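> I would like to see how this sequence folds:
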Amino acid sequence: MQRRAFLKQAALAAAGSAALAAPVYAQDAPTIAWRLASSFPNESPTLLAGAEDVARYVAEVTDGRFTIDIFPAGDLVESGQVLDAVQHRVVECGHTASTRYFDIDPALCFDAGVPFGLNTRQMNAWMLQGEGLALTRVLFDKYNILNFPCGYTGAQMGGWFRGEIKNVDDLRGLKIKAGGFARHVLARLGATPVDVPVSESYAALEQGTVDAVAWIGPYDDENLALHKVARNYYFPGWWAGTLQLSLYVNQDAYDELPKPYQSALALACRMATGNMIAKYDAGNPDALRRLVSRGAQLKAFPKPVLQACYEASMAAYKEMSAKDPMFKKLYDSMTAFRDKEVPWFRVAEGSFDNLLATLGQPAA
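Below is the predicted model of the structure:
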């Protein structure tokens with residue numbers, strides 16, 4: 001009888017402790033509401049979902065005390081104004097791709113993806129286990145921004161073209177919707193980069209305002225129905241082996257967060273990154289099959305065209321490195337990491353992928 005009484009009292013004491021413990025944390029934890037400006041419109045749901053994942057996660061782990069309201073591109077600031085909005089604390093944070101700010105500072109592109117650079121796995125490794133994150137944070141410090149990797153698209157397609165690209169001369173005079181570093185390289189090859197909102201890309205192709213549109217890949221492109229007005233779907237998107245998205249956080253706002261909230265934000269970005277990679281890897285294969293069944297003509301850029309793009313990119317790297325020591329430091333670090341990684345990927349990842357692609361096929 002005494003034993004049962006003791007156990008009952010112990011159970012009640014434990015329950016009481018648990019009941020008291022939760023309110024103690026709740027009383028001490030502040031209620032914080034942030035605003036997030038996204039560079040991505042509602043027409044790009046997979047990209048926009050990265051910010052939604054971050055907001056959901058931090059709210060859940062802080063029991064709703066740290067909330068982030070999301071504003072798609074154009075709702076609060078335009079897609080290309082996120083850097084400025086976060087820097088000046090118009091918003092506390094933003095979700096964007098640093099390629100958008102090439103004209104402000106070309107070195108920012110190393111936070112996102114550059115021509116003939118790293119693939120998704122390599123970029124993730126360079127950022128988290130190499131020098132990538134440390135170096136880009138030095139770069140962002142002058143903007144009073146703390147950057148967090150927050151999503152990857154994987155390797156992208158080369159875009160939708162109204163006409164065929166048979167040689168590099170076919171790029172001359174071509175009006176192409178492209179962004180960031182790609183614009184610069186395409187211009188060197190005689191193309192005319194054009195900036196139109198993604199929501200207007202269908203009409204721009206249909207009306208001949210642009211001759212080609214480079215966006216993301218099948219999973220996103222399918223929603224734009226560009227195959228109806230430009231059937232030639234080229235690959236690969238040589239301007240980036242992947243596109244890394246980033247969460248920009250105003251440094252002052254971040255410093256004001258309690259340490260647990262800071263940790264929640266960092267972990268939320270990791271979670272959002274994993275989700276986005278999975279969505280693209282799972283969604284792209286089926287989306288590509290659907291596009292081809294609807295008339296899209298899948299075509300590889302000819303090797304001489306890719307060679308010309310490579311040479312133009314190398315010339316650009318050389319010029320920019322000579323002008324900007326920080327650009328050179330990032331470029332040297334990235335290329336050293338890439339040149340170490342590529343042989344390993346050829347031995348392991350590449351050979352395994354090729355094996356699976358060829359098993360069961362008749363011998364040549």
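
> CA atoms for contacts and neighbours, from now on please.
Will do.

> how about low-confidence regions in this protein?
Along the chain, segments meeting pLDDT under 70 span 1-27, 361-364.

> Gln270 contacts Cys150, doesn't it?
One correction, residue 270 is Arg, not Gln. Yes: Arg270 is within contact range of Cys150, at 6.6 Å (criterion: Cα atoms under 8 Å).

> Which one's more surrounded, those two?
Cys150 (28 against 16; other Cα atoms under 10 Å).

> quick one: which helix or strand includes that one?
Assigned by DSSP states H and E, Cys150 falls within strand 145-152.

> Quick one: list the elements packing against that strand.
helix 45-61, helix 132-141, strand 244-250, helix 259-293 (3 or more Cα pairs under 8 Å, 6 or more residues apart in numbering; DSSP states H and E).

> now what about it, what contacts it?
Strand 145-152 is contacted from outside by 47, 50, 86-87, 95, 120, 127, 136-137, 140, 242-251, 266, 269-270, 272-277, using Cα atoms under 8 Å, 6 or more residues apart in numbering.

> before we move on, what about stretch 219-228?
So stretch 219-228 is in contact with 43-46, 160, 199, 201-202, 205, 215, 233, 280, 283-284, 287-288, 291, 294-296, going by Cα under 8 Å, 6+ apart.

> Now restrict those residues to buried residues only.
Buried members of the contacts of stretch 219-228, counted by 16 or more other Cα atoms under 10 Å: 43-44, 46, 160, 201-202, 205, 215, 233, 280, 284, 287-288, 291, 296.

> what's the most distant pair in those residues?
Using Cα to Cα, the buried ones among the contacts of stretch 219-228 span at most 25.0 Å, a distance reached by Leu205 and Tyr280.

> where do the helices sit along this protein?
2-28, 45-61, 82-87, 120-128, 132-141, 180-188, 201-207, 218-221, 251-255, 259-293, 303-323, 325-345, 351-358 (DSSP state H).

> now those helices in CSV, with distance to Asp69?
Shown next, in CSV, are the helices of the chain (distance: least, Cα to Cα, whole Å):
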stretch, distance to Asp69
helix 2-28, 21
helix 45-61, 7
helix 82-87, 14
helix 120-128, 27
helix 132-141, 23
helix 180-188, 27
helix 201-207, 28
helix 218-221, 24
helix 251-255, 15
helix 259-293, 14
helix 303-323, 38
helix 325-345, 33
helix 351-358, 41
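
> So which of these is nearest Asp111?
helix 132-141 (6.3 Å).

> care to break this structure down by domain?
Following the TED database, one finds the domains of the chain at 32-154+241-283, 159-239+296-326.

> looking at those domains, which is buried most?
Mean neighbour counts were compared across the domains of the chain using mean count of other Cα atoms under 10 Å; the top stretch is domain 32-154+241-283, at a mean of 20.

> distance between that one and the chain's centre?
Centroid separation between domain 32-154+241-283 and its chain, computed with Cα atoms, centre = their mean, to the nearest Å, is 8 Å.

> Next: stretch 185-192.
That offset, for stretch 185-192, works out to 24 Å (Cα atoms, centre = their mean).

> Then stretch 193-212?
22 Å.
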